[in-house]
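Participant: Below are the sequence and a predicted model for it; my questions follow.
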Amino acid sequence: MDAFSSSFISPNPKSSILPPSNVPPSPKSFPLLHISSVRIEENPQTISNTPTSTTTQSPPKNNKPIKKNPTSKVTQTRPFPSTKTTPITSSSQLQPSSFPTFFFSAIDDFINTFVDPPTRPSVDPKHVLSKNFSPVLDELPPTECEILEGSLPSALDGAYIRNGPNPQFLPKGPYHLFDGDGMLHCIKIHQGNATLCSRYVRTYKYLLEREAGAPVIPNVFSGFNGLTASAARGALSAARVFTGQFNPSNGFGLANTSVALFGGNLFALGESDLPYRVKITPDGDILTLGRHDFEGKLIMSMTAHPKTDPETGETFAFRYGPFPPFLTYFKINPDGEKQPDVPIFSMTSPSFLHDFAITKKYAIFTEIQIGMNPIEMISGGSPVGTNPGKIPRIGVIPKDAKDESEMRWFEASGFNNVHAINAWDEDDGDSVVMIAPNILSVEHTLERMELVHASMEKIKIDMKTGRVWRHPLSTRNLDFAVINPAYIGKKNRYVYASIGDPQPKVAGVVKVDVSVAEGDRRDCIVASRIYGDGCYGGEPFFVPKAPSDNNNNEQLCDNDNNIDEDDGYLVTYVHNENNGESRFLVMDAKSPDLEIVADVKLPRRVPYGFHGLFVRESDLNNV
């Protein structure tokens, strides 16, 4: 997660929600957990994928932000969705009868109350949805923001879009943080002005349940804990399918994890379903265009962390599951055409494979100690658990492989990574280097995230001898890390990582220099910024400066764009739990203390979430 360093004092300290960053947060116990807001609808409005045209407002002049009425509508027009995408259909076409809805909801309530009540903190809504993890009550149409400090640089002409869980109904039974409906929070920036918009991703699940006025599809991470609960919810789901309450072929994913731009489309992603195409309108609104199957070539789920080669424009992705092949790898051409699957049968057990890395030559996967655990489920635990006796492995396959014949696996005892940061080739392709956070307390990853500690490591694999070296880069609890996206798949020097204090809260952001020699045991953090007491953020995103913004006369630069690797901005959302305000922060990624460039007050609270993306205006216009 992210961290901030010293110079966080605004010209008017009273106007800033963030205290000076040179004062570290004082250690203290968590406050009493409570739900501050939830969404409950007795008669939810029917959602159609056809936008309504209303009046639009002109952008503010003289860089003076203007507040809009948060309930006002905005103009949103778009062409009919591409034939590559399954158009979103209104759930009114499903028309579940009122009696089946009432009857099945009553059974669901019985299961949640007597069969499987939320007794563990990891699935107790009162715990999971406390403070700024609680959902916002409603969507927010494009609403102007107030710039409190500094100014928004011209390089940020575009949109920062962050994805995350926001359940539309108050959970009555077990609920895990990963189970919320996907909501996109988009700050659109143009000519120094900012507009915030928050919209649900119109998934099949979201529309179906909004129409029904109650949850219909069971939660993946919290709905199947223990044999009895799994049997009860499985039977209820089968009855709902049989009576036409929902159609599993339409998917049951949440699209709540990340945002990605590839193949000429912008996607909201969650690894349990197909991607959903989305679009950002000129006025900053968010439209869901449909569930995308790449002209029928993707019939199952895909990762929420695809990797796009910045030089070739090719995108690489995978899916994983509980049945062989446990891993399937594939490529998507720059024009969005999906290539044939490459099943990996040499992964011999189902592993929780959330992320991966690419180099110029290879794709790199890790088979970790988290996987499907049916024995634990029978005894009342989660179907996803840890296997302490399993030796983690790192798999390396040529990036353009047509089959798995050249897949090689290397043992890496004690290495459990959920996210990958970057990787590259060395020694003329005879070695592979990967940077990733290693989860030291892997048994707590899904149940007690506040006990998780991630140590960032550099891993080097000799492809000739099979030898694996591992070098720790920092002792801090670091995850949710990013790099300059121009360096994906090639050697980079700087990583910007979030500080867990504890996970999943983010106390600040650090800049890590990964170029240290393997024998050097210094902590590799070279800059940091702490948000301050009661202030927490999320994953940062690095936006390179445009050439016109580069005032540095010293050009020790990347030859491709004539700008230093770290010459850019870090952007993220930060929330102050003391006064309930949320901000959008822009930091100078090159400065020694990650100096604040702009501090933007958001018109309402933005809950903590997962992964985001900045998309330039030129790319938004082509989506």
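Facilitator: Looks like it arrived, so ask away.
Participant: Quick check: closest non-adjacent residue to M300.
Facilitator: R319 (5.8 Å; Cβ to Cβ, 6 or more residues apart in numbering). To be clear about C-beta, it is placed using only N, CA and C from the backbone, and glycine gets the same treatment.
Participant: and the one you found, what does it touch?
Facilitator: R319 sits next to E271, M300, S301, M302, T303, L327, T328 when contact means Cβ atoms under 8 Å, 6 or more residues apart in numbering.
Participant: got the contact list for the first one?
Facilitator: Right, the one you point to is E271. T257, S301, M302, T303, A304, R319, Y320, H354.
Participant: could you dump those residues to a markdown table with secondary structure?
Facilitator: Below are the contacts of E271 laid out as a markdown table (DSSP: H, G, I helix; E, B strand; the rest coil):
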| residue | secondary structure |
| --- | --- |
| T257 | coil |
| S301 | coil |
| M302 | coil |
| T303 | coil |
| A304 | coil |
| R319 | strand |
| Y320 | strand |
| H354 | coil |
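Participant: Buried subset of those, written for ChimeraX?
Facilitator: Applying 16 or more other Cβ atoms under 10 Å to the contacts of E271 leaves a buried subset, and the ChimeraX line that selects it is:
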select :257,301,302,303,304,319,320,354
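Participant: which regions of the chain lie under the pLDDT threshold?
Facilitator: 1-98, 373-383, 446, 517-519, 547-562 (pLDDT under 70).
Participant: Show me where it has its helices.
Facilitator: Along the chain, counting by DSSP state H, helices occupy 98-110, 125-128, 204-212, 227-242, 374-378, 617-620.
Participant: Enumerate the positions of the third one that are buried.
Facilitator: Of the residues in helix 204-212, those buried under the neighbour-count criterion (16+ other Cβ under 10 Å) are Y204, K205, Y206, L207, L208, E209, R210, E211, A212.
Participant: and if you look at stretch 563-579?
Facilitator: Quick answer for stretch 563-579 (16+ other Cβ under 10 Å): 563-577.
Participant: cool, stretch 444-455 as well?
Facilitator: H444, T445, L446, E447, M449, V452, H453, A454, S455.
Participant: One more: stretch 469-486?
Facilitator: For stretch 469-486, by 16+ other Cβ under 10 Å, it's 470-471, 473-474, 476-486.
Participant: For the residues you listed, which two are the farthest from each other?
Facilitator: Spatial extent of the buried residues of stretch 469-486 (Cβ to Cβ) is set by the pair N477 and A486 at 27.7 Å.
Participant: residue contacts, N112?
Facilitator: P118, K172, G173, P174.
Participant: Top of the residues you listed by number of neighbours, please.
Facilitator: Scoring the contacts of N112 on neighbours with other Cβ atoms under 10 Å, the highest-scoring entry is P174 at 28 neighbours.
Participant: G223 is in contact with that one, correct?
Facilitator: Yes - using Cβ atoms under 8 Å, P174 makes contact with G223 at a distance of 6.8 Å.
Participant: roughly how far apart are L184 and R605?
Facilitator: 15 Å (Cβ to Cβ, to the nearest Å).
Participant: The two - which one has more neighbours?
Facilitator: Neighbour totals were compared for L184 and R605, and L184 leads with 27 against 19 (other Cβ under 10 Å).
Participant: gap between D283 and C186?
Facilitator: In terms of Cβ to Cβ, D283 sits 11 Å off from C186.
Participant: Which of the two has more residues huddled nearby?
Facilitator: The neighbour comparison of D283 against C186 (other Cβ under 10 Å) goes to C186, with 25 against 18.
Participant: what sits against the more buried one?
Facilitator: A159, Y160, I161, R162, L196, C197, S198, R199, I280, G284, I286.
Participant: All the strands of the stretch 451-600 of the chain, in order from the start?
Facilitator: 454-462, 468-472, 478-482, 494-500, 506-513, 525-530, 535-537, 541-544, 568-576, 581-588, 596-601 (DSSP state E, counting those that start in this stretch).
Participant: Those into TSV, with extra columns for distance to A235?
Facilitator: Converted to TSV, the strands of the stretch 451-600 of the chain look like this (distance: least, Cβ to Cβ, whole Å):
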stretch	distance to A235
strand 454-462	39
strand 468-472	46
strand 478-482	38
strand 494-500	39
strand 506-513	40
strand 525-530	50
strand 535-537	40
strand 541-544	43
strand 568-576	40
strand 581-588	42
strand 596-601	49
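Participant: burial count for G538?
Facilitator: If we define neighbours as other Cβ under 10 Å, then G538 has 27 of them.
Participant: What are the phi and psi values at it?
Facilitator: phi -150, psi -170 (degrees, to the nearest 10).
Participant: what about it, distance to N579?
Facilitator: For G538, the distance to N579 - Cβ to Cβ - is 18 Å.
Participant: Check A255 too.
Facilitator: Counting by Cβ to Cβ, the gap from A255 to N579 is 31 Å.
Participant: now I596
Facilitator: Relative to N579, I596 is positioned 18 Å away (Cβ to Cβ).
Participant: What sits closest to V259 if chain neighbours are left out?
Facilitator: Counting by Cβ to Cβ, 6+ apart, the residue nearest V259 is L613, at 4.3 Å.
Participant: is it true that the one you found touches Y160?
Facilitator: Yes - using Cβ under 8 Å, L613 is in contact with Y160, at 7.5 Å.
Participant: Could you check which of the two has the larger neighbour count?
Facilitator: Y160 (24 against 18).
Participant: The more buried one: what's it in contact with?
Facilitator: Y160 neighbours (Cβ under 8 Å, 6+ apart): C186, I187, I189, F541, V571, F584, G612, L613, F614.
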